[in-house]
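A.B. asks: Just the structure for this:
(one chain, ligands or ions: 3)
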Amino acid sequence: MTMIPQKILIIDDDIDVCDLISSTAADLGVDCTVTTDAETFLSALTPDITLIMLDLVMPETDGIQILRQLGERQCRAGIVLMSGMSKRVLETAEALTRTLGLTIAGHLTKPFRIKELEAIITLCAEPDFPARAEVEVVSFKVDELWRAIEREEFVLHYQPQIQIPTNQLVGIEALVRWQHPSHGLIYPNDFIEYAEEFDLIDPLTWIVIKRSLSEMGSLKDQTGSPITLSINLSVLSLGDLAFPDKFILIADDHGVAPENVMFEITESGLIRELSRTLDVLTRLRMKKVKLSIDDFGTGYSMMQQLIHIPANQLKIDKSFVMNLQNDSDRIMVEKTIEIGHELAMTVVAEGVETREQLDFLRKRNCDVAQGYLFTKPLPKCEFLTWFEDFSASQVLNKSALR
Ligand code: C2E
Ligand code: MG
Ligand code: MG
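C.D. replies: Ligands and ions are numbered 1, 2, ... in the order given. Presented below is the predicted three-dimensional model:
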């Protein structure tokens with residue numbers, strides 16, 4: 001990946017704060033542009049900006065209005081929110097930032113110390129800083145995606161789902177990647193939306209379904225019990241009333257029992273299309289296929305709506321799991337586990353990266369964990385090697401306990 005030099009853009013009506021940031025950035029050898037009003041800020045916002053330092057409280061256009069504009073422009077820079085307001089206001093603004101699809105790089109409570117500022121600027125200069133990794137924007141045309149579907153230029157990666165109390169593998173999620181002939185591997189967030197927009201999602205979905213059933217449909221654990229295969233489904237595919245019958249035929253062809261497959265559908269999609277999809281969801285459940293509400297917490301579902309979705313599983317969005325240090329995110333996780341259990345659903349936490357997060361989830365009785373702590377999603381062969389090692393370590397642990 002090409003290294004892109006860091007470029008900071010500041011907006012703060014307090015010129016002393018601007019001076020402090022720009023002199024600290026200069027000491028660290030980082031290029032920095034200072035603005036004190038929204039208009040100048042937006043005209044200075046070029047695609048090479050990697051970090052934005054944004055004051056929330058400003059007299060004319062405030063930070064929240066600017067966040068909205070950044071969301072509309074699909075800004076890929078990391079954002080540091082600055083304010084003298086309470087921690088709760090900052091946390092709410094952070095949550096808003098995430099729902100706008102923007103990347104939070106941190107926050108600074110005013111008055112802040114130079115050391116805190118230096119820490120944030122230095123952290124954002126790390127090569128794996130998310131905003132910088134995403135700066136390489138891939139663009140392609142619809143006919144390329146169409147050709148990719150015709151030629152089935154896709155690979156699936158698999159990520160394990162581990163039952164927290166027993167440390168057993170209970171499921172695997174299939175995640176699609178586009179093996180582009182010149183751009184290399186393209187991740188789903190960069191093409192699923194296009195596929196939906198250009199009516200190509202159905203053929204793509206069937207490629208994923210058939211491939212995952214044939215690669216992983218008959219995976220079993222050491223005791224011979226089948227492992228649930230989770231497949232992500234666009235809510236648009238649920239518009240087809242014949243979808244459940246078509247799926248059952250294909251599952252049958254692959255010798256996979258419907259109860260061993262779980263379809264994951266995003267909460268936001270479900271809520272948007274609930275009245276148009278309840279029939280297909282119900283038919284799928286009648287055929288014993290399992291359903292999971294993915295990215296839970298990001299779609300503003302109401303209790304009445306949630307109760308009507310015949311799902312077996314709630315998947316807490318990773319943005320909450322990864323920010324457990326924030327009171328609001330922690331409460332969201334705790335309450336989701338409670339609500340899920342009240343509705344007799346299994347609760348899965350995605351994005352589990354640390355042992356501390358896993359310990360927290362265990363104490364709160366979360367059922368299943370998925371995340372880099374166990375492994376990143378892996379291509380078929382690497383996944384099977386991981387699975388063998390994992391199963392062997394399970395056997396060793398059991399015999400050590402005897
Ligand atoms: P998702 O279904 O919520 O999948 C979880 C995403 O979180 C995956 O990203 C996974 O790689 C990532 N992830 C898992 N554990 C961790 C962790 O510990 N830390 C971090 N930072 N990330 C983690 P991925 O593979 O890029 O997929 C993004 C989204 O694309 C998926 O979110 C899903 O909504 C969609 N998607 C993937 N495959 C398909 C598909 O076949 N069909 C459809 N319609 N959507 C798909
Ligand atoms: Mg998913
Ligand atoms: Mg998810």
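A.B. asks: Show me how the chain divides into domains.
C.D. replies: Domain segmentation of the chain under automatic domain parsing yields 7-124, 142-401.
A.B. asks: Output the ones you listed as a markdown table; include the columns mean neighbour count and mean pLDDT.
C.D. replies: Using the backbone N, CA and C atoms, a C-beta is placed for each residue, glycine as well. Below are those laid out as a markdown table (neighbours: other C-beta atoms under 10 Å; pLDDT from 0 to 100):
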| stretch | mean neighbour count | mean pLDDT |
| --- | --- | --- |
| domain 7-124 | 17 | 88 |
| domain 142-401 | 17 | 93 |
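A.B. asks: Need those domains in CSV (columns: distance to ligand 2).
C.D. replies: Below are these laid out as CSV (distance: least, C-beta to the ion, whole Å):
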stretch, distance to ligand 2
domain 7-124, 17
domain 142-401, 4
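A.B. asks: Of all the ones you listed, which one comes closest to ligand 1?
C.D. replies: domain 142-401 (3.1 Å; C-beta to the nearest ligand atom).
A.B. asks: hmm, the closest one in reach of ligand 3?
C.D. replies: Yes - using C-beta under 5 Å from the ion, domain 142-401 reaches ligand 3 at 294-295, 350.
A.B. asks: picking up where we left off before, may I see the domains of the chain organised as CSV, with distance to ligand 1 added?
C.D. replies: Converted to CSV, those look like this (distance: least, C-beta to the nearest ligand atom, whole Å):
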stretch, distance to ligand 1
domain 7-124, 11
domain 142-401, 3
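A.B. asks: list the contacts for Val57?
C.D. replies: 63, 83-85 (C-beta atoms under 8 Å, 6 or more residues apart in numbering).
A.B. asks: Let me see the backbone angles for Leu185.
C.D. replies: phi -80, psi 120 (degrees, to the nearest 10).
A.B. asks: follow-up on the earlier one: closest one of the residues of domain 142-401 next to ligand 3 to Glu91?
C.D. replies: When the residues of domain 142-401 next to ligand 3 are compared for distance to Glu91 (C-beta to C-beta), Asp295 wins out at 19.4 Å.
A.B. asks: Not counting residues beside it along the chain, what's closest to the closest one?
C.D. replies: Distances taken as C-beta to C-beta, 6 or more residues apart in numbering place Asp317 nearest to Asp295, at 4.4 Å, with adjacent residues excluded.
A.B. asks: How about residues contacting stretch 58-75?
C.D. replies: In contact with stretch 58-75 (C-beta under 8 Å, 6+ apart) are residues 11-13, 37-38, 41-42, 45, 52, 54-57, 79, 81, 83, 93, 96-97, 100-102.
A.B. asks: So which of the residues you listed are in helices?
C.D. replies: Within those, membership in helices is found for 38, 41-42, 93, 96-97, as judged by DSSP state H.
A.B. asks: Looking at those, spot the one nearest Leu378.
C.D. replies: So of the ones in helices among the contacts of stretch 58-75, ranked by how close each gets to Leu378 (C-beta to C-beta), first place is Thr97, at 30.8 Å.
A.B. asks: Surely the closest one is in contact with Ile79?
C.D. replies: Yes - assessed by C-beta atoms under 8 Å, Thr97 is found in contact with Ile79 at 6.0 Å.
A.B. asks: got any residues that touch both of those two?
C.D. replies: What both Thr97 and Ile79 touch, as defined by C-beta under 8 Å, 6+ apart, is the set 67, 104.
A.B. asks: and His107, which of the three is it?
C.D. replies: strand (DSSP: H, G, I helix; E, B strand; the rest coil).
A.B. asks: Which residues are in contact with it?
C.D. replies: 80-83, 90, 94.
A.B. asks: can you rerun that using 6 Å?
C.D. replies: 81, 90 (C-beta atoms under 6 Å, 6 or more residues apart in numbering).
A.B. asks: in the sheet, who's paired with it?
C.D. replies: Leu81 (DSSP bridges).
A.B. asks: Just put the ones in helices among the contacts of stretch 58-75 in TSV and tack on distance to His341.
C.D. replies: Converted to TSV, the ones in helices among the contacts of stretch 58-75 look like this (distance: C-beta to C-beta, whole Å):
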residue	distance to His341
Ala38	46
Phe41	46
Leu42	46
Ala93	31
Leu96	29
Thr97	30
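A.B. asks: Surely Val289 and Pro258 touch.
C.D. replies: Yes - contact status for Val289 versus Pro258: in contact at 4.6 Å, counting by C-beta atoms under 6 Å.
A.B. asks: out of all of them, which helix in this protein is the longest?
C.D. replies: helix 380-401.
A.B. asks: name the element Ala26 belongs to?
C.D. replies: helix 15-27 (DSSP states H and E).
A.B. asks: Which strands border whichever helix or strand comes after that helix, and is each parallel or antiparallel?
C.D. replies: Heading C-terminal from helix 15-27, the first helix or strand you meet, by DSSP H and E, is strand 31-35. Using DSSP bridges, the neighbouring strands of strand 31-35 in the sheet come out as strand 7-11 (parallel).
A.B. asks: from the middle of its chain, how far away would the partner strand be?
C.D. replies: Strand 7-11 sits 26 Å away from the centroid of its parent chain (C-alpha atoms, centre = their mean, to the nearest Å).
A.B. asks: Need the contact partners of it.
C.D. replies: Taking C-beta under 6 Å, 6+ apart as the rule, strand 7-11 contacts 18, 21, 25, 30-35, 41, 44, 48-54.
A.B. asks: roughly how far apart are the residue lying closest to Asn167 once chain neighbours are set aside and Ile121?
C.D. replies: Once flanking residues are discounted, Asn167 sits nearest to Gln394: 7.2 Å by C-beta to C-beta, 6+ apart. Applying C-beta to C-beta, to the nearest Å, the value for Gln394 to Ile121 is 44 Å.
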